[in-house]
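Novice: Pasting the sequence and the predicted model now:
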Amino acid sequence: MSRTVIHGGLVVTASDEIHADVLVEGGRIAALAAHGTEAAAGWTADRTIDATGKYVIPGGVDAHTHMEMPFGGTYAADTFETGTRAAAWGGTTTIVDFAIQSVGRSLREGLDAWYAKADGNCAIDYAFHMILADVNESSLKEMDLLVAEGVTSFKLFMAYPGVFYSDDGQILRAMQRAESNGGLIMMHAENGIAIDVLVEQALAAGRTDPRYHGDVRKVALEAEATHRAIQLARVAGSPLYVVHVSADEALAEIAAARHRGLPVFGETCPQYLFLSTDNLAEPDFEGAKYVCSTPLRPKEHQDALWRGLRNNELQVVSTDHCPFCFSGQKEMGRGDFSKIPNGMPGVENRMDLLHQAVVDGHISRRRWIEIACASPARMFGLYPKKGTIAPGADADIVIYDPAARQTISAETHHMNVDYSAYEGRQLTGQVETVLSRGEVVIDRRTYTGRAGHGMYTPRATCQYLN
Ligand SMILES: NC(=O)NCCC(=O)O
Ligand SMILES: [Zn+2]
Ligand SMILES: [Zn+2]
């Protein structure tokens with residue numbers, strides 16, 4: 001069994017910061033020992049990685065990605081191969097992607113299609129949530145089988161009528177099923193029926209630019225849907241995880257529910273923390289690059305989201321990585337913002353942007369690791385295999401240089417998309433080396449991984465509930 005020692009670094013987890021050496025045996029972490037101790041001095045290794053002056057952190061867990069997702073009349077531009085390689089470059093070593101049920105088809109068929117897309121192509125480990133697009137008696141029964149198989153979370157949509165939308169009755173039934181089988185309902189909380197009315201009215205009035213995407217998807221309609229989802233979950237007695245929270249009023253609904261002791265959780269994404277409606281309003285159709293749902297909000301919302309992350313009203317930062325090229329894909333919506341495919345790239349940038357948030361004083365170092373690694377792993381039943389550095393955990397480890405300087409650019413990123421939402425942004429901190437189950441996949445900023453190294457990882461149920 002090969003042995004690697006990572007020495008001299010500061011090991012940062014969600015709970016601790018310790019100057020320790022880390023022994024990796026095979027694909028697992030075997031031991032930690034304080035620098036210079038007899039224990040560490042006695043370790044022999046095939047490979048030694050010098051982490052002096054660096055952080056040694058768990059690999060990131062991105063619990064919300066859409067590789068090669070069919071959406072908006074096209075496909076998300078990153079395949080499992082390109083997207084997971086880009087994730088590795090950015091210090092993420094596990095993704096949880098969304099398998100999709102087609103209307104009229106079974107969950108089984110959708111899930112098998114996603115297993116096939118990912119199999120043999122991933123650079124890092126991966127798991128699946130299931131999108132329920134057709135809640136009926138048979139798909140409800142199938143939910144139990146999926147939970148038993150390790151697909152323990154289900155996304156429902158209150159948005160996108162005619163595509164993924166579920167009505168309140170379907171939502172309630174799915175929540176009741178989750179209450180009995182231990183699954184976690186993830187909710188896209190926007191009132192899609194009302195939004196569609198506003199879209200039609202905006203287009204009829206000649207308001208066709210990308211910025212109107214943000215205009216029609218009103219804060220009140222995110223907050224209303226969030227409130228409704230919480231009440232339905234309360235009636236069903238099920239836990240609820242609200243995805244891509246962007247608005248202060250929606251966050252307030254989650255905070256109020258948690259204050260009442262309800263098992264309600266929230267996720268936000270870097271785009272809501274670092275970008276705003278100013279980006280959506282960029283001229284010459286450039287705003288299309290920032291079209292996603294829920295939409296970007298006015299800057300004022302960012303303060304509330306940071307506060308929510310600090311005080312645990314929000315538990316997770318995922319990317320909702322769903323990239324569409326500007327050329328040929330986003331351009332499908334010139335003259336009609338409703339035809340711009342919804343989604344943004346970001347799987348490569350999340351760990352760095354959140355480290356910048358540490359530098360800027362929004363969150364602590366340990367909270368960085370908690371919201372980006374430990375908490376998503378716990379939320380989706382992957383902890384402590386993923387999300388921490390501890391004996392027995394998978395050796396998914398990032399050597400992070402907190403002093404390196406970088407400028408984000410599409411010229412240098414590894415995502416298969418022709419623009420960066422963060423073009424020109426200067427950051428302090430950069431991923432240096434990445435291990436995935438003990439194998440070095442990024443070696444001092446050279447890719448050494450391979451498609452097919454990444455393994456499918458079945459999941460337990462949400463670990464915040466037991
Ligand atoms: N978020 C987004 O705009 N696209 C991906 C699908 C979703 O998460 O709703
Ligand atoms: Zn969504
Ligand atoms: Zn999404």
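Specialist: Good, I have the coordinates. The shown structure was predicted, so the numbers you read here are calculated from the model rather than taken from an experiment. Ligands and ions are numbered 1, 2, ... in the order given.
Novice: tell me the secondary structure for Ala220?
Specialist: Counting by DSSP: H, G, I helix; E, B strand; the rest coil, the backbone at Ala220 sits in helix.
Novice: For the residue of the stretch 101-250 of the chain found nearest ligand 1, list the residues it contacts.
Specialist: Proximity of the stretch 101-250 of the chain to ligand 1 (Cβ to the nearest ligand atom) peaks at His188, 5.0 Å away. C-betas here are computed from N, CA, C, even on glycine. When contacts are counted by Cβ atoms under 8 Å, 6 or more residues apart in numbering, His188 touches Lys155, Leu156, Phe157, Met158, Ala159, Tyr160, Phe164, Val243, His244, Ser293, Thr294.
Novice: Could you find the closest non-adjacent residue to it?
Specialist: Closest residue to His188 apart from its sequence neighbours, by Cβ to Cβ, 6 or more residues apart in numbering: Phe157 at 4.4 Å.
Novice: Same check on Val264?
Specialist: Leaving aside its chain neighbours, Val264 sits nearest to Ala257 (4.1 Å; criterion: Cβ to Cβ, 6+ apart).
Novice: Please apply the same query to Ala236.
Specialist: In space, Ala236 is closest to Met175, 3.5 Å off (Cβ to Cβ, 6+ apart).
Novice: what's the answer for Asp78, then?
Specialist: Among residues not flanking Asp78 along the chain, Asn416 sits closest, at 4.9 Å (Cβ to Cβ, 6+ apart).
Novice: follow-up on the earlier one: hang on, the residue nearest to His188 packs against Ser166?
Specialist: Yes - between Phe157 and Ser166 there is a contact under Cβ atoms under 8 Å: 6.3 Å.
Novice: which residues do those two both contact?
Specialist: Residues within reach of Phe157 and of Ser166 at once, by Cβ under 8 Å, 6+ apart, are Ala133.
Novice: Look up how far Asn466 lies from the residue nearest to Asp78.
Specialist: In this view, Asn416 and Asn466 are 39 Å apart by Cβ to Cβ, to the nearest Å.
Novice: looking at this protein, which helix or strand is least sure?
Specialist: Within the chain, no helix or strand scores below helix 38-41, which has a mean of 86 by mean pLDDT, DSSP states H and E.
Novice: buried residues in whichever helix or strand comes after that helix?
Specialist: Later in the chain than helix 38-41, the nearest helix or strand by DSSP states H and E is strand 47-50. By 16 or more other Cβ atoms under 10 Å, the buried positions in strand 47-50 come out as Ile49.
Novice: Okay, now the sheet partners of strand 47-50, with direction.
Specialist: Strand 47-50 pairs in its sheet with strand 3-7 (parallel), by DSSP bridges.
Novice: In this structure His301 contacts Asp248, no?
Specialist: Yes - with contact defined as Cβ under 8 Å, His301 counts as touching Asp248 (5.0 Å).
Novice: what is the rounded mean pLDDT of stretch 27-36?
Specialist: Averaged across stretch 27-36, pLDDT comes to 96.
Novice: Residues touching that stretch, excluding its own?
Specialist: Applying Cβ under 8 Å, 6+ apart, the external contacts of stretch 27-36 come out as 3, 7-8, 11, 18-24, 39-40, 43, 389-395, 397, 437-439.
Novice: When you filter the residues you listed down to buried only, what's left?
Specialist: 3, 7-8, 11, 20-24, 40, 43, 389-390, 393-395, 397, 437-439.
Novice: what's the nearest residue to the residue nearest in space to the middle of the chain if we skip its chain neighbours?
Specialist: In the chain, the centroid-proximal residue (Cα atoms, centre = their mean) is Ser318; its distance is 2.5 Å. Counting by Cβ to Cβ, 6+ apart, Ser318 lies nearest to His64, which is 3.4 Å off, once chain neighbours are set aside.
Novice: With Gly333 instead?
Specialist: Closest residue in space to Gly333, ignoring its immediate chain neighbours: Ile340 at 3.0 Å, by Cβ to Cβ, 6+ apart.
Novice: picking that back up, for Leu132, see how far away the residue nearest to Ala236 is.
Specialist: Per Cβ to Cβ, Met175 is found 11 Å from Leu132.
Novice: Then Gly333?
Specialist: With distances taken as Cβ to Cβ, Gly333 is found 27 Å from Leu132.
Novice: cool, Val61 as well?
Specialist: Distance, Val61 to Leu132, by Cβ to Cβ: 23 Å.
Novice: sorry, back to before: so the residue nearest to Val264 lies in a helix, does it not?
Specialist: Yes - counting by three-state DSSP, Ala257 falls inside a helix.
Novice: Run a quick neighbour tally on it.
Specialist: For Ala257, the count of nearby residues is 24 (other Cβ atoms under 10 Å).
Novice: swap in Gly120?
Specialist: With other Cβ under 10 Å as criterion, Gly120 counts 12.
Novice: what's it in contact with, if anything?
Specialist: Applying Cβ under 8 Å, 6+ apart to Gly120 gives the contacts Ala451, Gly452.
Novice: again, only this time at 6 Å
Specialist: Contact partners of Gly120, counting by Cβ atoms under 6 Å, 6 or more residues apart in numbering, are Gly452.
Novice: Let's verify it: helix, strand, or coil?
Specialist: coil.
Novice: ditto for Leu353
Specialist: Put simply, Leu353 is helix when judged by three-state DSSP.
Novice: Could you pick out the residues of the chain near ligand 1 for me?
Specialist: Contact residues (Cβ under 6 Å from any ligand atom) of the chain with ligand 1: His66, His188, His244, Cys292, Ser293, Asp320, Cys322, Asn342, Gly343.
Novice: now those in a markdown table, with secondary structure?
Specialist: Listed next are those as a markdown table, based on three-state DSSP:
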| residue | secondary structure |
| --- | --- |
| His66 | coil |
| His188 | strand |
| His244 | coil |
| Cys292 | coil |
| Ser293 | coil |
| Asp320 | coil |
| Cys322 | coil |
| Asn342 | coil |
| Gly343 | coil |
